[in-house]
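Asks: Okay, predicted coordinates and the sequence, questions at the end:
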Amino acid sequence: MDGALSSIEESDVNTRIALLPEMGRPRPYDQSMPLHVVEAELEAPGRHEVLVKILAAGVCHSDLSVINGDRPRPTPIALGHEAVGEVVTTGSEVSDLKPGQRVSMVFVPSCGHCSCCAEGRPALCEPGLKHNTEGTLLSGETRISIDGAPILHHLGISCFSDLAVCHRRSLVPIDSDLDPTVQAVFGCAVLTGCGAVLNTAKLHAGERVAVIGLGGVGLAGLIGAVAGGARQVIAIDANPEKADIAYELGADLFFDARDDACIAKVREATGGGVELAAEFAGVMPALELAMEVTRRGGRTVTAALPNPSDRLSLQAARLVAEERQLMGSYVGSCVPSRDIPNFIALHQRGRLPVEKMISHTLALDDINLAMERLARGDAIRQIIRFEGA
């Protein structure tokens, strides 16, 4: 670890952040520059908090959804929610993490005592949701400021930065023998995609699976379906250029979602539809398509986050008459402290080749270009690498 960082104890530090002053800047983002890479002050961690040096951070559609207003958040806010880092120093009540410990960052902190946490469903933590919505850490505090003015935290992480202060319950300790570029994707893409298929929908070995929407999370869902023993995996996306990566990751067939005959082709290829359809595109036509390619008695799961104003139209009687299940999945219904190490272990055994999802690596200064690539559909998972990682 850098010597200057290892000497930090109780003092505030400076860091670069990717600041979003306001939502709704027009595209192209590499020209309108909605994110400003600026210097900010970072307070020393509170009692239950940790100062983390960011090694690598993934650029996710949920970040883009804040920029374009699909997922409204209060501003000004420092973006970023998928990352891996190393502990620099800890608050006085944190005894299980030590400087130099590698940690995966989780975008829903779990309080451990609300009703959802008590039921073993930390992804639905009620205080975690409240503080994420308000832009604070789980403690209710903010630790970022510019010239004394507070800057809000994105999902308790704000990892498009050299350093971040996070609540202990936003961090999962992991081994440090993997490339941080690969480790970064486990905190969001892998948790959400694999978790939706394996945890929420509970894939049974031998089932046919359709994956709709082949961004980073969708491809993680595809990998999860293959690892979970799916008999047949159908990949569906509106961008036919995604076919090659889908086949490389184990898809048996690819269909263009824009094809008017797409539903009929999937039903024909699967003998009437799939037992499980997983939707990750975040638009209503994709979710409707997912419902239509699911066979009678099957399950449709969605882990995408569309605009809050979007509404789904369906024939409610079909849920009963055809015994269909429509399920939502947040953070892949995961228990991060259990599932992140498990998914990393599967990757190390060659079962989850997530490194193939990484399309670009870049520096923090290129963050607006990364957002424009994502909006154009020209990237899968882009990873920001930080100095010294």
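Replies: Nice, thanks for sending it over.
Asks: Partner strands of the top strand by length along the chain and their direction?
Replies: Ranked by residue count and defined by DSSP state E, the top strand of the chain is strand 49-59. Next to strand 49-59 in the sheet, as set by DSSP bridges, lie strand 83-90 (antiparallel), strand 163-167 (antiparallel), strand 381-385 (antiparallel).
Asks: Which helix or strand lies directly C-terminal to it?
Replies: Remark: after strand 49-59, the chain's next helix or strand is helix 61-67, criterion DSSP states H and E.
Asks: and that following helix, which residues are buried?
Replies: His61, Ser62, Asp63, Leu64, Ser65, Val66, Ile67 (16 or more other C-beta atoms under 10 Å). Glycine gets a C-beta too; all of them are placed from N, C-alpha and C.
Asks: Just to check, the third one is in contact with Met371?
Replies: This means Asp63. Yes: with contacts counted by C-beta atoms under 8 Å, Asp63 reaches Met371, the gap being 7.2 Å.
Asks: For my notes, please list the buried residues of helix 61-67 in CSV and give pLDDT and distance to Leu138 for each entry.
Replies: Formatted as CSV, the buried residues of helix 61-67 follow (pLDDT from 0 to 100; distance: C-beta to C-beta, whole Å):
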residue, pLDDT, distance to Leu138
His61, 94, 24
Ser62, 94, 19
Asp63, 96, 20
Leu64, 96, 25
Ser65, 95, 22
Val66, 97, 19
Ile67, 97, 24
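Asks: coming back round to it: with only the CA atoms kept, save the longest strand of the chain in CSV.
Replies: The C-alpha trace of strand 49-59 is given here as CSV (Å, rounded to 0.1, in the frame of the first residue of the first chain):
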residue,chain,number,x,y,z
GLU,A,49,-17.0,3.2,8.7
VAL,A,50,-14.0,2.3,6.5
LEU,A,51,-11.7,4.3,4.3
VAL,A,52,-11.1,2.3,1.1
LYS,A,53,-8.6,2.8,-1.7
ILE,A,54,-10.4,2.0,-4.9
LEU,A,55,-8.5,-0.4,-7.2
ALA,A,56,-11.1,-0.9,-10.0
ALA,A,57,-14.7,0.1,-10.6
GLY,A,58,-17.2,-1.1,-13.1
VAL,A,59,-19.4,1.3,-15.2
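Asks: what's Ala269 sitting at in phi/psi?
Replies: Dihedral pair for Ala269: phi -70, psi -20, per degrees, to the nearest 10.
Asks: Let me know the distance separating it from Thr294.
Replies: Computed as C-beta to C-beta, to the nearest Å, the Ala269 to Thr294 distance reads 14 Å.
Asks: Neighbour count: those two, which is higher?
Replies: Comparing Ala269 with Thr294 by neighbour count (other C-beta atoms under 10 Å), the higher total belongs to Thr294, at 27 against 17.
Asks: With Ile146 as the reference, measure out to the more buried one.
Replies: 49 Å.
Asks: One more: Thr90?
Replies: For Thr90, the distance to Ile146 - C-beta to C-beta - is 25 Å.
Asks: More neighbours: which of these two?
Replies: Thr90 (22 against 15).
Asks: so that one touches Leu51, yeah?
Replies: Yes: judged on C-beta under 8 Å, Thr90 makes contact with Leu51 at a distance of 7.5 Å.
Asks: Need the overlap of contacts for the two.
Replies: Shared contacts of Thr90 and Leu51 (C-beta atoms under 8 Å, 6 or more residues apart in numbering): Pro45.
Asks: Next, the buried residues of stretch 129-143.
Replies: Neighbour-count burial for stretch 129-143 flags Leu129, His131, Asn132, Gly135, Thr136, Leu137, Leu138, Ser139, Glu141, Thr142, Arg143 (criterion: 16+ other C-beta under 10 Å).
Asks: contacting residues around the last one?
Replies: So that's Arg143. Per C-beta under 8 Å, 6+ apart, neighbours of Arg143: Leu42, Glu43, Pro45, Gly46, Glu49, Leu137, His153, Val165.
Asks: What is the burial count for the last one?
Replies: When neighbours are counted by other C-beta under 10 Å, Val165 registers 29.
Asks: which non-adjacent residue is nearest it?
Replies: Counting by C-beta to C-beta, 6 or more residues apart in numbering, Val165 lies nearest to Arg143, which is 4.0 Å off, once chain neighbours are set aside.
Asks: Read off the pLDDT value for that neighbour.
Replies: According to the prediction, Arg143 has pLDDT 98.
Asks: For Val211, which non-adjacent residue is spatially closest?
Replies: Nearest to Val211 is Leu222, by C-beta to C-beta, 6+ apart, at 4.6 Å.
Asks: Tell me the confidence at that neighbour?
Replies: Here, the pLDDT recorded for Leu222 equals 98.
Asks: what number of residues lie near Arg381?
Replies: By other C-beta under 10 Å, 28 other residues sit near Arg381.
Asks: any idea how far Ile344 is from it?
Replies: Look at Arg381 and Ile344: by C-beta to C-beta, they are 16 Å apart.
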